[in-house]
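J.: Take a look and give me a structure for this.
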Amino acid sequence: MGKNVIFTLLTMLYFFIYVVTSLNSSTDEYALLAFKSKITSDPNKVLAKNWSQGTSFCNWIGITCGTRHQRVRGLNLANMDLGGTIAREIGGLSFLRSMIIRNNNFCGFIPDEMSKLSQLREIEMQYNELNGTIPTSLGFLENLQKLNLSHNKLIGDIPYRILNLSSLVEISFGNNSLSGSLPTDICYNLPKLEMLRISVNQISGNIPPSLGTCTNLKLLSLSYNNFAGSIPMEIGNLSKLQILNLGRNNLIGSIPYEIGNSSALEYLYLHLGSNILTEFGKSNIIKQSITWSPESLGDLIALQYLDLSKNNLYGEIPRSLEKLKELVYFNVSFNELSGEIPNGGPFMNLTIDFFVGNIKLCGSSQYKVMPCKGYATSSSIKTRNLKYILPSIALVTILVIILVYLMRRHNRNTLLPAQSTSPITIKRISYYEVLNATNNFDEENLIGIGSIGKVYKEIFSDGMIAAIKVFNLDLEGANKSFYIECLILCNIRHRNLGVGIYA
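T.: Below you'll find the predicted structure:
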């Protein structure tokens, strides 16, 4: 009799499990059909043709079920051009982990019933027409990792509870009409956060310094809002940060030196609009003078995009930026910058468009700015002037050599009575004759190399042979060396030489 009792109990247990499983499956099917009933636009007939009670819902398009209990784990209806509202019955999909309905035309409110989906890890509702506020109840989804509600018509504040979900990796609320401010302790409970996107809203207040505690942050986009105050230096603590976008706000003050610590940074966008950031130097807008070395930007070795246009930046463009080999976009147009535009590294490929609106800038002709005066040490200025200085040096050297040669010959002739006493004339040699005689300073005519120049052998059309020394003015001390050598030549004393004449 005992065996019969055990058998009866086991039978009842299996029957109970079967009933519960069937009921749960029916709950999932009911929730999906309720969701379908709220769809008012299905131009491609995706759900109309596929979601029917004649087949298992696990085989419906966009549905993924678990292998063990045949419960709905995933709902993916992205890019299907569906329209309608989100049914409250969606809260019945208690095993749901992923809900993706991006790039459709869903409207109406986000239902509070979604807070029942305790296993939910991913919500993607971007690019729809959803309105109303972000439900505070979403803050109860303790397993949620990704929340993307961008490009909708949502209003109101960002719920504080959501910003305390320690499981979150991505928060994307951009391109809505959200208002309010960010809490001062944001990131204290977001240790895993890698992406924070809230651009194109109406968020105001200061940028919280506590953002510096989101040490895993790779993307921070706060542009096109109403943020005020200065950029917190704590952002420099974000060593993994790759994209920083703070453009189009009401920021003032200076660009923090500490940003240079973010060596992984690839995209830096501080395009102002109404921001009043100052410097490449010091800030005079805030009460305390904040100094900043723009050279720190040169430490951002991964930087590819840097936009500082339409600010009130002043000072000089740091030459350390020439070290940024990955930089492909650099825009500082419409500021108050001065000094010389660097011409090395990535600057070799930039045009005037990136510097326009800075009337005090000077540099290479490729930027269509005024030439730099007073920048005699600049290699670009040296190169530009070399074509004028080099011929002059060459001609003076030739004249000195010829003068010495003629004087020696004259003195020799005075010792020989049989020689002609016809007057000596100094031969004039043009720079073009020098070029022809050396075959454009060809290496075949090179007879010596010194520390500051090269010596070439010249054979002129009349058979006269001369040595021409060409000085490299890019080398330090070249001008001084030329002057000294002229003095040496003109102070040579020999019984066959007369006194040198030089200017």
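J.: Show me which positions of stretch 38-48 end up buried.
T.: Neighbour counts using 16 or more other C-beta atoms under 10 Å place K38, I39, D42, V46, L47 of stretch 38-48 among the buried residues. Bear in mind the C-beta positions are built from the backbone N, C-alpha and C, glycine included.
J.: okay, these in a markdown table with pLDDT, secondary structure and distance to N131 next?
T.: Output for the buried residues of stretch 38-48, formatted as a markdown table (pLDDT from 0 to 100; DSSP: H, G, I helix; E, B strand; the rest coil; distance: C-beta to C-beta, whole Å):
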| residue | pLDDT | secondary structure | distance to N131 |
| --- | --- | --- | --- |
| K38 | 94 | coil | 15 |
| I39 | 95 | strand | 18 |
| D42 | 94 | coil | 21 |
| V46 | 89 | helix | 24 |
| L47 | 91 | helix | 23 |
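J.: Could you identify the most distant pair in these?
T.: K38 and V46 (14.7 Å; C-beta to C-beta).
J.: Turn the buried residues of stretch 38-48 into JSON lines, including distance to K153.
T.: Output for the buried residues of stretch 38-48, formatted as JSON lines (distance: C-beta to C-beta, whole Å):
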{"residue": "K38", "distance to K153": "18"}
{"residue": "I39", "distance to K153": "19"}
{"residue": "D42", "distance to K153": "22"}
{"residue": "V46", "distance to K153": "24"}
{"residue": "L47", "distance to K153": "24"}
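J.: List just the nearest of those to Y329.
T.: Closest to Y329, out of all of the buried residues of stretch 38-48 and judged by C-beta to C-beta, is V46, at 40.7 Å.
J.: right, and the closest one touches I63 too?
T.: No: using C-beta atoms under 8 Å, V46 is not in contact with I63; the gap is 11.9 Å.
J.: Quick one: the helices in this protein, in order.
T.: Along the chain, counting by DSSP state H, helices occupy 2-37, 46-50, 379-414, 431-437, 478-490.
J.: Using the record, which stretches count as separate domains in the chain?
T.: Using automatic domain parsing, the domain parsing of the chain gives 94-367, 379-490.
J.: can you tell me how far the residue nearest to L117 when sequence neighbours are not counted sits from S26?
T.: Using C-beta to C-beta, 6 or more residues apart in numbering and skipping residues adjacent in sequence, the residue nearest L117 is L96, 5.1 Å away. Distance of L96 to S26, given as C-beta to C-beta, to the nearest Å: 16 Å.
J.: can you check Q70 too?
T.: From Q70 to S26 the distance is 11 Å (C-beta to C-beta).
J.: of the two, who's got more company?
T.: Q70 (16 against 12; other C-beta atoms under 10 Å).
J.: is it true that that one touches N59?
T.: No: in this structure, Q70 is not within contact of N59 by C-beta under 8 Å, at 10.8 Å.
J.: where does the stretch 351-500 of the chain have low pLDDT?
T.: By pLDDT under 70, the low-scoring segments of the stretch 351-500 of the chain are 374-432, 435, 444, 447-452, 461, 463, 472-500.
J.: one more time with 50, if that's ok
T.: Along the stretch 351-500 of the chain, the model assigns pLDDT under 50 to residues 375-384, 386, 388, 415-422, 424, 483, 487-488, 491-495, 498-500.
J.: same check, this time on the stretch 151-300 of the chain
T.: 274, 279-293.
J.: just to revisit the earlier point, give me the common contacts of V46 and I63.
T.: Residues touching both V46 and I63 by C-beta atoms under 8 Å, 6 or more residues apart in numbering: none at all.
J.: Contact partners for the residue nearest to L117?
T.: Here L96 is in contact with V72, R73, G74, L75, L117, Q119, L120 (C-beta under 8 Å, 6+ apart).
J.: could you redo the last one with a cut-off of 7 Å?
T.: Applying C-beta atoms under 7 Å, 6 or more residues apart in numbering, we find L96 in contact with V72, R73, L75, L117, Q119, L120.
J.: Need the residues you listed in JSON lines (columns: pLDDT).
T.: Shown next, in JSON lines, are these (pLDDT from 0 to 100):
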{"residue": "V72", "pLDDT": "96"}
{"residue": "R73", "pLDDT": "96"}
{"residue": "L75", "pLDDT": "96"}
{"residue": "L117", "pLDDT": "96"}
{"residue": "Q119", "pLDDT": "96"}
{"residue": "L120", "pLDDT": "97"}
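J.: The residue lying closest to A302 once chain neighbours are set aside: how many residues sit nearby?
T.: Once flanking residues are discounted, A302 sits nearest to E266: 5.1 Å by C-beta to C-beta, 6+ apart. Counted with other C-beta under 10 Å, residues neighbouring E266 total 18.
J.: Tell me who's in contact with K153.
T.: E129, L130, N131, N176, S177.
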